[in-house]
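[1] Need the 3D shape of this:
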Amino acid sequence: MITMYTDGACKGNPGSGGYAAVIKLNEVDTLEVISGGDQYTTNNRMELTAVIKGLAYVYDNNKLNKEDILLYTDSQYIVRAINENWLDNWINKQFKNVKNQDLWFMLWKYICKLNVKFQWVKGHDGNTYNELADQLASEACYFQDKAFTYKMNKN
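    Numbering: from 1, shown residues only. You can find the predicted model right below:
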């Protein structure tokens, strides 16, 4: 099981934005983190980008052996779009009148390739990994266009 926590942030909405995905691969002692930013964006775009970048990292780097991914996000917009089939309806209507169509389409492509379960987590409520994703996304607002990946000890 791969566990992922994602978050997006924006200084102004729209404004400079950042995203982060904190990835726990099985029970190893390290976390893998993907983070970056954009100069002019919205909070929803950064929330979606965090999810997409996290799933892309796992998929593109062969981090899975047909494992399930449990993805936590504090974005009810994303969780509800997936779990309540909004995304399916948007696809059937060819994304008519849907904002961020490009990102929803990219997310859909990864959902089709991976076994991902989306779970909402309350933001700013003391969840260690959600707090870390929030902090990293907020910091990334100041490092636009400079994505980075790194590993860190869980402790």
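[2] what about the chain, any weak spots by pLDDT?
    Scanning the chain for pLDDT under 70 picks out 27-29, 63-66, 144-155.
[3] how about a cut-off of 50?
    In the prediction, the chain carries no residues with pLDDT under 50.
[4] where exactly do the helices run in it?
    Applying DSSP state H to the chain gives helices spanning 43-60, 76-83, 86-92, 101-113, 128-140.
[5] which of those sits most buried?
    Comparing these by mean neighbour count (mean count of other C-beta atoms under 10 Å), helix 43-60 comes out on top with a mean of 22. Placement of C-beta: from N, CA and C, glycine included.
[6] That helix to helix 101-113, inter-axis angle?
    30 degrees (axes from the mean of the first three to the mean of the last three C-alpha atoms, to 10 degrees).
[7] what about helix 43-60, distance to the chain center?
    4 Å (C-alpha atoms, centre = their mean, to the nearest Å).
[8] which strands and helices sit next to it?
    strand 2-12, strand 15-25, strand 30-41, strand 68-73, helix 76-83, helix 101-113, helix 128-140 (3 or more C-beta pairs under 8 Å, 6 or more residues apart in numbering; DSSP states H and E).
[9] want to throw these into TSV with distance to Leu48?
    Listed next are the helices and strands packed on helix 43-60 as TSV, based on distance: least, C-beta to C-beta, whole Å:
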stretch	distance to Leu48
strand 2-12	7
strand 15-25	9
strand 30-41	10
strand 68-73	10
helix 76-83	7
helix 101-113	4
helix 128-140	12
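[10] Indicate which one of those is closest to Trp120.
    helix 76-83 (4.3 Å; C-beta to C-beta).
[11] what's near enough to touch the residue most central in space within the chain?
    Nearest to the geometric centre of the chain sits Val51, at 2.0 Å (C-alpha atoms, centre = their mean). Taking C-beta atoms under 8 Å, 6 or more residues apart in numbering as the criterion, Val51 is in contact with Thr6, Ala21, Leu71, Thr73, Ile78, Leu107.
[12] Could you do Tyr59 as well?
    Tyr110, Lys113, Leu114.
[13] export these to CSV and tack on distance to Tyr142?
    What follows is the contacts of Tyr59, written out as CSV (distance: C-beta to C-beta, whole Å):
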residue, distance to Tyr142
Tyr110, 27
Lys113, 32
Leu114, 31
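[14] which one of those sits closest to Gly17?
    So of the contacts of Tyr59, ranked by how close each gets to Gly17 (C-beta to C-beta), first place is Tyr110, at 20.2 Å.
[15] Fine by me, we can end here.
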